[in-house]
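S.K.: sequence? don't have it. structure:
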């Protein structure tokens, strides 16, 4: 509560005595927000996210947050979050699946307004047809909203990434929103051992006057910020300003790399980098791949694994370099469209075999055997 | 190589398969094992199929989600078998060779034609325990059926010891740390309402566990 000690981010991330807890991903969200010095949170329930924001509500009841409310729907929540952020407070919310799509207009709006909002997305299938089960197809839609996009493999990642997201988002030379994604159920509802910082520490508060855009206060009332949007002027300067503003948001994402590199210890991890067959995955698919790669190793096959932690900014050069001498790439995904497959394909220059399989969607788990089958096929081929 | 025990618990919504998995996983981590626990269910409602999965290992656990090849299957209600209220058909689909099945039943369940033969081929060990009856008689409430099932499991495998089991039970029911979903919280209140004090709840549940531990019996397949 108020007697938490403020630690600078580097001290909090590296130097505190951490403690093991056996908790779910939803509970890991609560633990992260408890230590994030968040001013305000706004919620709207949707499975598999509901429990996370419920638990954040408990934090408000215990005095960790200054304000907490339940919005009317996801579009309202994301708009209210935008208002809170423009008003200069550190704000948090979470949604997932159909909720993400309902709120969609706001994600580009957040980036466009340079708002350092942190939002957790607990992915679930979209209504094609209706389901509540795990599937991360919504990430295909959100990649190009201008947000920084992180993908957690497990509850530990979710906890770490949320704390770090606030710090990266609020850097004056970044100052754009961060979406922290976790596969619904596989992370949110799975109980696992998570290393947590002491309850007695929290991040430093957000300083709204470090923002690259004016914060709303008594000098800058909302009408002064909104009076002359580019769209109201049909002239060359207006269009050029809009274009350069968009480029500046892209540049801000590029500038976030140095911070993400430091705090996430790289935008991606490589295991067994010399292997000719490489599995590339993000989120829960990484866990399933770890199991498959270990079994392949026991069968005497030489396979590597790349875990992508950050999708925006995408680690283009690192991926190119890592796959330089690889013969075959296998990309397992928890969705129908294969968005990671598209991303990887788009950065590969030379002709190499890229297998977009297995793809599991509609709510089931991805057995390691399916990935192992693909690995065996490459070894035989 | 890692030594992993994969447990699949199939039951009906409201019977406490998620809570049972939570307590078992928590006891296993207290005892120094690695463990992950996760549930699987549809839009939450009473009596609908509900499953949970517990992985217990001496080293790290990677895989997530449903357990497709369990070593141990626990059936919390006969309807899982007789009415197909589970996510796999037959109910023992994926069971590893020499795997263990524990069924909550008072009267003998007749398996479908061919199922007995399949189980024999797998050299499966099938056990039964009157979990609901023990819960009612010893614990004073059917809501302790899940505890009786865990007692039966410990009677067969000794996966975790009594002390760590009790620690997990105390943590689940008396710590302020755990927040359940609304329906689970309502069931928690119902259980707690049966007892004057949480200490009594723990004591009674441990009695249920011990009674089930002793009464688990082998089902003759041949």
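M.R.: Received it, and whenever you're ready, just let me know what you need. Keep in mind that what you see is a predicted model, and the values were worked out from it rather than measured.
S.K.: tell me the contacts of residue A:246?
M.R.: Under the criterion of Cβ atoms under 8 Å, 6 or more residues apart in numbering or on different chains, the contact partners of residue A:246 comprise A:112, A:146. In this view, the C-beta of every residue, glycine as well, is placed from N, C-alpha and C.
S.K.: can you tell me the helix or strand for it?
M.R.: Assigned by DSSP states H and E, residue A:246 falls within helix A:236-255.
S.K.: Show me which residues of that helix are buried.
M.R.: Of the residues in helix A:236-255, those buried under the neighbour-count criterion (16 or more other Cβ atoms under 10 Å in any protein chain shown) are A:249, A:252-253, A:255.
S.K.: now do stretch A:31-51
M.R.: A:31-44, A:46-51.
S.K.: Can you measure across it, start residue to end residue?
M.R.: Stretch A:31-51 stretches 13 Å from its first residue to its last (Cα to Cα, to the nearest Å).
S.K.: Doesn't residue A:106 lie inside a helix?
M.R.: Yes - Residue A:106 sits within a helix when classified using DSSP: H, G, I helix; E, B strand; the rest coil.
S.K.: For burial, what's the neighbour tally of residue 216?
M.R.: Using chain A. By other Cβ atoms under 10 Å in any protein chain shown, 18 other residues sit near residue A:216.
S.K.: that answer is for a different chain, and I need it for chain B
M.R.: Look at residue B:216: counted by other Cβ under 10 Å, it has 21 neighbours.
S.K.: List the contacts of it.
M.R.: Taking Cβ under 8 Å, 6+ apart, we find residue B:216 in contact with B:102, B:127-129, B:151-152, B:155-156.
S.K.: show me the contacts for the residue of chain B found nearest chain A.
M.R.: Of chain B, the residue with the smallest distance to chain A, taken as Cβ to the nearest Cβ, is residue B:65 at 2.7 Å. Taking Cβ under 8 Å, 6+ apart, we find residue B:65 in contact with A:134, A:185-186, A:284, A:288, A:364-366, B:38, B:40, B:53.
S.K.: Could you tell me which of those residues belong to strands?
M.R.: Among the contacts of residue B:65, the members falling in strands are B:38, B:40, B:53 (criterion: DSSP state E).
S.K.: The buried residues of stretch A:31-51 in strands, which ones?
M.R.: Going by DSSP E, the strands hold A:40-43 from the buried residues of stretch A:31-51.
S.K.: now residue B:70, nearest residue through space, not along the chain?
M.R.: Distances taken as Cβ to Cβ, 6 or more residues apart in numbering or on different chains put residue B:8 closest to residue B:70, at 4.1 Å, once the chain neighbours are dropped.
S.K.: By mean pLDDT, point me to the weakest helix or strand of the chain.
M.R.: All of this is about chain A. Using mean pLDDT, DSSP states H and E, the weakest-scoring helix or strand in chain A turns out to be helix A:222-226, at a mean of 64.
S.K.: other chain: chain B
M.R.: Of all regular secondary-structure elements in chain B, judged by mean pLDDT, DSSP H and E, the least confident is helix B:182-194 with a mean of 73.
S.K.: what mean pLDDT does the helix or strand that that helix is followed by have?
M.R.: On the C-terminal side of helix B:182-194, the nearest following helix or strand under DSSP H and E is helix B:198-215. Model confidence over helix B:198-215, given as mean pLDDT, is 92.
S.K.: Out of all residues in chain A, which is the farthest from the middle?
M.R.: Largest separation from the mean C-alpha position in chain A: residue A:235, at 37.2 Å (Cα atoms, centre = their mean).
S.K.: so how far is chain B from that one?
M.R.: In this view, residue A:235 and chain B are 54 Å apart by Cβ to the nearest Cβ, to the nearest Å.
S.K.: so what's that residue scoring on pLDDT?
M.R.: With respect to pLDDT, residue A:235 scores 83.
S.K.: Ramachandran angles for it?
M.R.: Torsion angles at residue A:235 (phi, psi; degrees, to the nearest 10) stand at phi -150, psi 170.
S.K.: Pick the one among the contacts of residue B:65 closest to residue A:323.
M.R.: Ranking the contacts of residue B:65 by separation from residue A:323, with Cβ to Cβ as the measure, puts residue A:288 on top at 20.4 Å.
S.K.: Tell me, how many residues neighbour the closest one?
M.R.: Other residues close to residue A:288 by other Cβ under 10 Å number 29.
S.K.: show me what contacts the nearest residue to it once chain neighbours are set aside?
M.R.: In this structure, residue A:288 finds its nearest non-sequential neighbour in residue A:366, 4.6 Å apart by Cβ to Cβ, 6+ apart. By Cβ under 8 Å, 6+ apart, the contact set of residue A:366 is A:284-285, A:288, A:332, A:334, A:358, A:360, B:65.
S.K.: Any buried residues in stretch B:140-149, and which?
M.R.: Applying 16+ other Cβ under 10 Å to stretch B:140-149 flags B:141, B:143-149 as buried.
S.K.: which ones among those are found in helices?
M.R.: Helix and strand membership here follows DSSP state H; of these, those in helices are B:145-149.
S.K.: out of these, who's nearest residue A:175?
M.R.: When these are compared against residue A:175 (criterion: Cβ to Cβ), the nearest one is residue B:146, at 49.8 Å.
S.K.: residues from the stretch 1-150 of chain A in reach of chain B?
M.R.: A:22, A:27, A:47, A:50-51, A:54-55, A:58, A:132, A:134 (Cβ under 8 Å from any Cβ of the partner chain).
S.K.: For chain B, state which of those residues is nearest.
M.R.: residue A:22 (4.9 Å).
S.K.: Distance to residue A:276 and pLDDT for the ones in strands among the buried residues of stretch A:31-51 - can I get that in CSV?
M.R.: What follows is these, written out as CSV (distance: Cβ to Cβ, whole Å; pLDDT from 0 to 100):
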residue, distance to residue A:276, pLDDT
A:40, 51, 98
A:41, 47, 98
A:42, 49, 98
A:43, 48, 98
